[in-house]
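> Build me a structure from this.
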Amino acid sequence: MKDFPKNPGRRKLLKAIGGATAAGAATSFIPGCGSEHKQKNLSFQEIPHSLDFNHHLPQGYSADILLSWGDPIVDNIEQFDPKKLTAQSQSQRFGYNNDFIAFMPLAEDTPAGRGDIHCQSGNSDRGLLCVNHEYTQPHLMFSGYNDEYSATRGVSAEHVAIEMAACGHSVVEIKRAGKGWQPVLDSPYNRRITSTTPMQISGPAAGDKRLQTTADPSGTQVLGTIGNCAGGKTPWGTVLVAEEGFGGAFQGDPDKIEDPREAHNHRDFGITPHNRNLGEYDRRFDIQHEPNEPNRFGWMVEYDPYDPQSTPRKLTNLGRFEHEGFTLVCKPNQPVVAYGGDDDEGQFVYRYVSKEAYLPQDPVHNRKLLTEGTLYTARFDQDGSGQWLPLVFGQGPLSSKNGFHNQADVLIDVRRAAALLGATPMDRPEDVETNPHNDCTYVMLTKNKSRAEDRVDAANPRARNAAGHILEVVPPGKSGVRDHASDKFRWRQFLLGGNPNAENPLERGAYGQQSSYNISSHGWFANPDNVAFDPQGNMWVATDGCESFGFHDGLWAMATEGPLRAAPKHFFGCPRGAEVCGPEFTPDGKTLFVSVQHPADALNSTYDQPLHRWPDNNPELPPRPSVLAIYRDDGGEVGS
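From the prediction side, this is the model:
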């Protein structure tokens, strides 16, 4: 092992890492996350690390390419031809860079608007596939581009209009056909939600002067959604869509904004004069023309997939930041609790608690639960304890003294509010989800190469954290009866990403019960991003960044309890340049849907000269982001 220079900060860092690898911070003080439910062993044959132009699955598994960018989602339109694509045509086709997936079951003969009945049916053979489209990449969509920001020819308003139509969200009915799946193109449920879809603004910030614009002086209506990354589902049959990297859609110079608070706000979300100039084609994306328009993005969006005529609404009660997603814990006659992360280095973990209780038999009542409640941010203490800090106007530093004049200000500037409360800055908190079998919550922390040595802490124990890690959060109580609404919790390290055999301790991963299980050379991964749980309670982690470690991004599965706890097995690998997103199981666990995003997005890869042409491998088609339906050839549950 390489000798490190004598440095008190480094010794402190290595001590923190040693504590984490030894089974987590404050292990002796934290209750276990076991449950009475016994997880089945993950019996699939692990695939190796690789880096090529194909996707990879274990022996005995198959995958249908279910939907790709440009595929029709309605009947009676022609097959995809990228050279003939128009904005009008794109609005009837599957969008670009698919991310979050929700499978929403379809029950027979149930009227629109009764999503609670559909969801409770548990049907695994027919449902609505609800998919986010996070962002576009013109250099891989159109001829004539050198890269994402520049072109040699052909840039036009029509290209921008196509991109805007390719963002947002798709709803497509699908059905099982033999062992595989296929879309139902004549379904009345099929729908595109784009950057121009009319939406309502709900909650405390609705109507606030900071959300008012020339086109909407009421501050209660907005066109569209942008930067749709992960999301969530509700038991009353609605889908939650996150708005993450919205700042890149806006252009302008924040220093020329008169209000210094708003100038800081815009800079914080990456709005610069050098962003792609969408403002030339739509004035609302120019902050010099509409300085309040960015404040109408960065929210969670809720919509009803079972009612294609319904109007989506932005939920300002869940705060404004770069949402990875919000996922719910819903227990009868208790408040709804939702967890989410702000996907940026040094940002925070959040929790929302509804004012009223979830009533399974009252869907009308339940649709109010995400509009009336309290948002909190997390402080992770050194001893393994934690505190949820309420983001409420007038409490503590959230007052006019610090530029907050009402609850709308707190929610619009929630990053600044969380920092003032003393929340713990995290290593890019992405997906945050609760395992329904052990009732513990897991926080995916993708990476943070900017963390300095003197800024490490027990929850973020590595400086320049290139590999990321996962935290396990345990509310008070026992499995099945934990109190997620409590303001106190315990936490510990669940997994440190990286190679367990790396020479440098700063890059070394820690997995599972090291004394009883040796992770394979292909089982380790880096940069955890999205997470899902199968019907057995096993954790499935999707990654974003493994190519910098020399192999593809993909999907790894592991137990959350027992002797193989936190010991990953490698299940799925992406084609080069891609990441996998949005893992989602059918209720019976026999199909796993995944999104493969930005295939062939590598140095110098363009539409005219792509690195590869996955999944079609057709010289007439560019590489296309796609959703795959994965299943076992013998019809059994995926993974077990």
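
> contact partners of the helix or strand hosting Glu158?
Using DSSP states H and E, the secondary-structure element containing Glu158 is helix 157-166. The set of residues that contact helix 157-166 without belonging to it, under CB atoms under 8 Å, 6 or more residues apart in numbering, is 69, 85-88, 90-91, 95-96, 133, 136, 138, 141-142, 192, 194-196, 224, 278, 281-282. Just so you know, the C-beta spots here come from the backbone N, C-alpha and C atoms, and that holds for glycine as well.

> Those in helices, which ones?
With helices defined by DSSP state H, the entries of the contacts of helix 157-166 inside them are 87-88, 90, 138, 141.

> Buried subset of those residues as a PyMOL selection?
Here the buried members of those are turned into a PyMOL selection, burial being counted by 16 or more other CB atoms under 10 Å:
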select buried, resi 87+90+138+141
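
> So which of the ones in helices among the contacts of helix 157-166 sits lowest on pLDDT?
Comparing pLDDT over those, the lowest score belongs to Pro138 (92).

> from what I can see that one touches Gly144, true?
No. Using CB atoms under 8 Å as the test, Pro138 is too far from Gly144 to be in contact (9.1 Å).

> what sits against the most centrally placed residue in the chain?
Taking CA atoms, centre = their mean as the criterion, Ala230 is the residue nearest the geometric centre of the chain, at 2.8 Å. Applying CB under 8 Å, 6+ apart to Ala230 gives the contacts 99-100, 132, 242, 244, 323-325, 430-431, 530, 581-582.

> now stretch 359-367, how far from the chain's geometric center?
With CA atoms, centre = their mean, to the nearest Å as the basis, the distance from the averaged C-alpha position of stretch 359-367 to the chain average is 26 Å.

> Ends of that stretch, what's the gap?
Start-to-end span of stretch 359-367 (CA to CA, to the nearest Å) is 10 Å.

> Show me what counts as buried in that stretch.
Of the residues in stretch 359-367, those buried by neighbour count under the rule 16+ other CB under 10 Å are 363, 366-367.

> of those, closest to Asn460?
The shortest gap between Asn460 and any of the buried residues of stretch 359-367 belongs to Asn366, at 35.8 Å (CB to CB).

> tell me what the helix or strand hosting Gly127 is packed against?
Gly127 is part of strand 126-133, with elements assigned from DSSP H and E. In this structure, strand 126-133 packs against strand 61-68, strand 98-105, strand 168-177, strand 239-242, with contacts taken as 3 or more CB pairs under 8 Å, 6 or more residues apart in numbering; DSSP states H and E.

> Quick check: which of those is buried the most?
strand 239-242 (a mean of 28; mean count of other CB atoms under 10 Å).

> list the buried ones in the next helix or strand along the chain from that strand?
Stepping forward along the backbone from strand 239-242, the first helix or strand reached (DSSP H and E) is helix 260-268. For helix 260-268, the neighbour count (16+ other CB under 10 Å) marks 262-263, 265-266, 268 as buried.

> Now the closest residue to Glu637 other than its chain neighbours, what are its backbone angles?
If you skip the residues right next to it in sequence, Glu637 has Gly589 as its closest partner in space, 4.2 Å away by CB to CB, 6 or more residues apart in numbering. Note on Gly589: backbone dihedrals following degrees, to the nearest 10 are phi 70, psi 10.

> how near is Gly589 to Pro619?
The span separating Gly589 from Pro619 equals 38 Å under the rule CB to CB, to the nearest Å.

> I'd say Tyr61 and Asp633 touch.
Yes. Using CB under 8 Å as the test, Tyr61 is close enough to Asp633 to be in contact (6.6 Å).

> so how far is stretch 547-566 off the chain centroid?
18 Å.

> circling back: which one of the ones in helices among the contacts of helix 157-166 is nearest to Pro425?
Proximity of the ones in helices among the contacts of helix 157-166 to Pro425 was ranked by CB to CB; the top entry is Pro138 with 33.6 Å.

> Burial check on the residue nearest to that closest one when sequence neighbours are not counted, number of neighbours?
Closest residue to Pro138 in three dimensions, ignoring its sequence neighbours and counting by CB to CB, 6+ apart: Tyr145, at 5.3 Å. Residues near Tyr145, counting by other CB atoms under 10 Å, number 22.

> pull the CA atoms of stretch 236-256 into PDB?
Taking only C-alpha atoms (Å, rounded to 0.1, in the frame of the first residue of the first chain), the coordinates of stretch 236-256 have been written out as PDB:
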ATOM      1  CA  TRP A 236     -54.400   6.200  -5.100                       C
ATOM      2  CA  GLY A 237     -53.200   5.600  -8.600                       C
ATOM      3  CA  THR A 238     -51.200   8.700  -9.500                       C
ATOM      4  CA  VAL A 239     -47.700   9.100 -10.700                       C
ATOM      5  CA  LEU A 240     -45.000  11.600  -9.500                       C
ATOM      6  CA  VAL A 241     -42.600  13.000 -12.000                       C
ATOM      7  CA  ALA A 242     -39.400  14.800 -10.800                       C
ATOM      8  CA  GLU A 243     -38.000  18.000 -12.300                       C
ATOM      9  CA  GLU A 244     -34.200  17.900 -12.000                       C
ATOM     10  CA  GLY A 245     -31.800  19.500 -14.500                       C
ATOM     11  CA  PHE A 246     -34.200  22.300 -15.500                       C
ATOM     12  CA  GLY A 247     -31.600  25.100 -15.300                       C
ATOM     13  CA  GLY A 248     -29.900  24.100 -18.500                       C
ATOM     14  CA  ALA A 249     -33.100  24.900 -20.500                       C
ATOM     15  CA  PHE A 250     -32.700  28.600 -19.500                       C
ATOM     16  CA  GLN A 251     -30.300  31.200 -20.800                       C
ATOM     17  CA  GLY A 252     -29.300  34.600 -19.600                       C
ATOM     18  CA  ASP A 253     -27.000  36.500 -17.300                       C
ATOM     19  CA  PRO A 254     -28.100  36.300 -13.600                       C
ATOM     20  CA  ASP A 255     -25.900  39.200 -12.800                       C
ATOM     21  CA  LYS A 256     -28.200  41.400 -14.800                       C
END
